[in-house]
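Just the structure for this:
(one chain, ligands or ions: 2)
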Amino acid sequence: MDSLRRLHMQFPPRTRTPGEIARHASQHALLNGIIKEVAIPHDLLRYHWPANLRGLPTSLQGLPLQVAWSSSLTLFVLVDRHSAMGCHHLMSPLYLRRGLDEAWRLADTDELVTALLEDGPWSEASPNPEFYDQVLQSQAVMASIIEDARRRPHDPLEDYAASEQGLWFGHPNHPTPKARQWPQGLNGQGRDCSPEFGQRSRLHQFSFPAQGLRIACNGLEPGEVLSQAADQSAEPEAGRVVLAMHPVQAELFLQVPDVAVRIHDGSIRDLGRSGPRALPTASMRTWHAPEHPWFIKGSLNVRITNCVRKNAWYELESTLVIDRIMDRLIDSEDPALETLELAREPATLHWAPQDGDDDQRRWFREQTGVILRENFCRRFGAERCLLAATVFARDTELEPMAPSLVARAIPPASAAGSGAPVGDVPEARVVDWYKAYVGALVEPVLALYFRHGIVVEPHLQNCVLIHDQGWPRRVLLRDFEGVKLT
Ligand SMILES: Nc1ncnc2c1ncn2[C@@H]1O[C@H](COP(=O)(O)OP(=O)(O)OP(=O)(O)O)[C@@H](O)[C@H]1O
Ligand SMILES: [Mg+2]
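Ligands and ions are numbered 1, 2, ... in the order given. The predicted structure is shown next:
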């Protein structure tokens, strides 16, 4: 532990610009991805120093790791351990050496990506031509996030909203964690709707003829669902209903000729940014108004990280089925599920034109479809809920944030937290904290599968840590759209 701490203090240094921080975070995420997805399966990892050390950081400590990408490209980084699964803590910047280079050098991301794509160990697959732009865009977004976060310093682990909006670098094993393919000509709305910049926005609203509205719900009144999903007072005329949309989704919706025709003939009315004031969560398309009983999860036909975030018709349909099953499970009192909490999703609604054919109706359904998700902060308290992805993420200086939470955590049957500086928390306390977190998560997730045949998607962005003064008590799972039944 001591030696690890010492190593950690050498890298990263604390004086870097947002651009440098973004470069490191971006390259490390890319490296994590290629180690797991390409280098391990193709047996390209070598845990030793190369014969030629010129340009390498030989004074830093750590295990040398080379990625022998091709006969003309090798990458080098220092890591904290030998890991068969590719789970390393990276202790140095990334270096590369190509063909006839005499020395190793720090990699610029554009050159790195170009070299990886040119020289990849693929025989049949051809690289995705969009990949280069997505990596660079993701890195540029990270740099602007860090610049903004340094201007208004705050603690992402302070409460739930801060944790949803403080995931500075996104998925640590994805090559394009902050790539966002906003449509051209958005006038800054992409930034307004990005969680990391800490803004609240009003959702866009449209009114539609009530005949095309469909509401599906478990144990709620349809009228109640409608009034919770959007501000119905924005449309005074009887026989019409209001639905809310992500502002960028609304821009895209308005550009479609079929929508323009319906707006022109008055069947759809554009009510502008008249909807609830809410903050975008880490997934970008789900909105959180702290005082509101529901999260609003709408469609966003924009590629975020790895896929276009549309509420597919089959997801809207399955949500209610899964919600009913989850509701029964909550009542089942299975002891293996004791530490599990679930965010209910008991309502979906959408509008589709009655005069449309099947394709048109499905298209409108996927544009306007909304899922209501329980605002679990009202049950547990916003100060006790933290997005797990942020708990295990890094701050704007690339330092892990979890140690500060562990340092102030109060274990059961103890009157106080350690109160020790972050670096001095006893190792046994750290291990106990982590055991409490893993224990709360893993047993229920395995029991859901082995006892109940339910495969959840418990990645870090779908898990919320519920803690008592920093100590893990329960884990809440959310996002039923990826749940599978066996
Ligand atoms: N550690 C992580 N694990 C998984 N996803 C992560 C992580 N960190 C950040 N993310 C990001 O979170 C998002 C997860 O997508 P996912 O499909 O679970 O959510 P969603 O369905 O779009 O919305 P919601 O979670 O609000 O229901 C992706 O954009 C992904 O890049
Ligand atoms: Mg999710």
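
make it CA atoms for all contacts and neighbour counts henceforth
Noted.

The longest helix anywhere in the chain: what's the following helix or strand?
Longest helix of the chain, by residue count under DSSP state H: helix 427-452. Reading on from helix 427-452 to the C-terminus, the next helix or strand found by DSSP states H and E is strand 454-455.

tell me the phi and psi of Gln211?
phi -60, psi -30 (degrees, to the nearest 10).

Do I have it right that Gly482 meets Pro458?
No: counting by CA atoms under 8 Å, Gly482 does not reach Pro458; the two are 9.7 Å apart.

neighbour count winner among these two?
Pro458 (19 against 13; other CA atoms under 10 Å).

Return the list of helices and strands in contact with the longest helix of the chain.
strand 340-342, helix 402-408, strand 454-455, strand 471-477 (3 or more CA pairs under 8 Å, 6 or more residues apart in numbering; DSSP states H and E).

same thing but 6 Å
Contacts defined by 3 or more CA pairs under 6 Å, 6 or more residues apart in numbering; DSSP states H and E place helix 427-452 against strand 471-477.

Now do the buried residues in the longest helix of the chain.
429-430, 433-434, 436-437, 439-448 (16 or more other CA atoms under 10 Å).

roughly how far out does it sit from the chain middle?
With CA atoms, centre = their mean, to the nearest Å as the basis, helix 427-452 stands 21 Å off its chain's centre.

Report the inter-axis angle for that helix versus strand 471-477.
30 degrees (axes from the mean of the first three to the mean of the last three CA atoms, to 10 degrees).

Do you know the pLDDT at Gly356?
As predicted, Gly356 sits at a pLDDT of 92.

How about Gln249?
Confidence at Gln249, expressed as pLDDT, is 96.

how deep is the nearest residue to Glu383 once chain neighbours are set aside tucked in, by neighbour count?
Spatial nearest neighbour of Glu383, excluding adjacent residues (CA to CA, 6 or more residues apart in numbering): Asp159 at 4.5 Å. Using other CA under 10 Å, Asp159 is surrounded by 17 other residues.

Could you check how far Asp159 is from Ser283?
To Ser283, Asp159 is 17 Å away according to CA to CA, to the nearest Å.

for the closest residue to ligand 1 within the chain, what are its contacts?
In the chain, the residue found nearest to ligand 1 is His171; the distance is 3.5 Å by CA to the nearest ligand atom. Contacts for His171 (CA atoms under 6 Å, 6 or more residues apart in numbering) come out as Pro177.

can you pull the pLDDT of it?
At His171, pLDDT is 97.

Kindly report the same for Asp323.
97.

same deal with the one 4 residues further on?
Among the per-residue scores, Asp327 holds a pLDDT of 93.

ok, it - how many residues close by?
17.

ok, and the closest non-adjacent residue to it?
Nearest one to Asp327, counting by CA to CA, 6+ apart, is Arg344 at 7.7 Å.

quick one: which helix or strand includes that neighbour?
With DSSP H and E as criterion, Arg344 is part of no helix or strand.

wait, isn't it in contact with Leu372?
No: with contact defined as CA atoms under 6 Å, Arg344 does not reach Leu372; the gap is 8.5 Å.

Name the spans of the protein whose pLDDT lies under the cut-off.
Within the chain, the segments meeting pLDDT under 70 span 1-14, 123-124, 188, 415, 417-418.

Return the residues of it in contact with ligand 1.
Residues of the chain lying close to ligand 1 (CA under 6 Å from any ligand atom) are 170-171, 177, 282-283, 286, 304-305, 309, 389, 459-462, 479.

Pull out the buried members of those residues.
Of the residues of the chain next to ligand 1, these count as buried by 16+ other CA under 10 Å: 170-171, 177, 282-283, 286, 304-305, 309, 389, 460-462, 479.

Compute the first-to-last residue distance for stretch 295-313.
Rule used - CA to CA; the end-to-end distance of stretch 295-313 is 19 Å.

dump the residue contacts of Ala68.
Per CA under 6 Å, 6+ apart, neighbours of Ala68: Leu44, Thr74.

Can you dump the C-alpha atoms of the helix or strand encompassing it in CSV for me?
Assigned by DSSP H and E, Ala68 belongs to strand 63-70. The C-alpha trace of strand 63-70 is given here as CSV (Å, rounded to 0.1, in the frame of the first residue of the first chain):
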residue,chain,number,x,y,z
LEU,A,63,6.0,-2.3,-14.0
PRO,A,64,7.0,-1.8,-17.7
LEU,A,65,4.3,-2.8,-20.1
GLN,A,66,4.7,-2.9,-23.9
VAL,A,67,2.0,-3.4,-26.4
ALA,A,68,3.6,-5.0,-29.5
TRP,A,69,0.9,-3.7,-31.8
SER,A,70,2.7,-4.5,-35.0
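
Excluding chain neighbours, what is closest to Ser283?
Closest to Ser283 by CA to CA, 6+ apart is Gln461, at 7.8 Å.

Wait, that neighbour touches Ala389, no?
Yes: Gln461 is within contact range of Ala389, at 5.2 Å (criterion: CA under 6 Å).

The stretch 51-200 of the chain: helices as residue ranges?
Per DSSP state H, counting those that start in this stretch, the stretch 51-200 of the chain carries helices over the ranges 109-118, 131-151, 160-164, 189-192.

how much space between Asp192 and Phe208?
26 Å.

How about Ile215?
As for Ile215, its distance to Phe208 is 14 Å (criterion: CA to CA).

Could you check which of these two is surrounded by more residues?
Neighbour count, other CA under 10 Å: between Ile215 and Phe208, Phe208 has more, with 24 against 16.

and the more buried one, backbone torsions?
For Phe208, the backbone dihedrals (degrees, to the nearest 10) come out as phi -130, psi 160.

What residues does it make contact with?
Arg240, Val241, Ile268.

ok, 7 Å please
Phe208 makes contacts with Arg240, Val241, Val242, Ser267, Ile268, Arg269, as judged by CA atoms under 7 Å, 6 or more residues apart in numbering.

and the third one, that's in a strand?
This means Val242. Yes: under DSSP: H, G, I helix; E, B strand; the rest coil, Val242 sits within a strand.

Verify the stated contact: Gly19 with Ala143.
Yes: with contact defined as CA atoms under 7 Å, Gly19 counts as touching Ala143 (5.0 Å).
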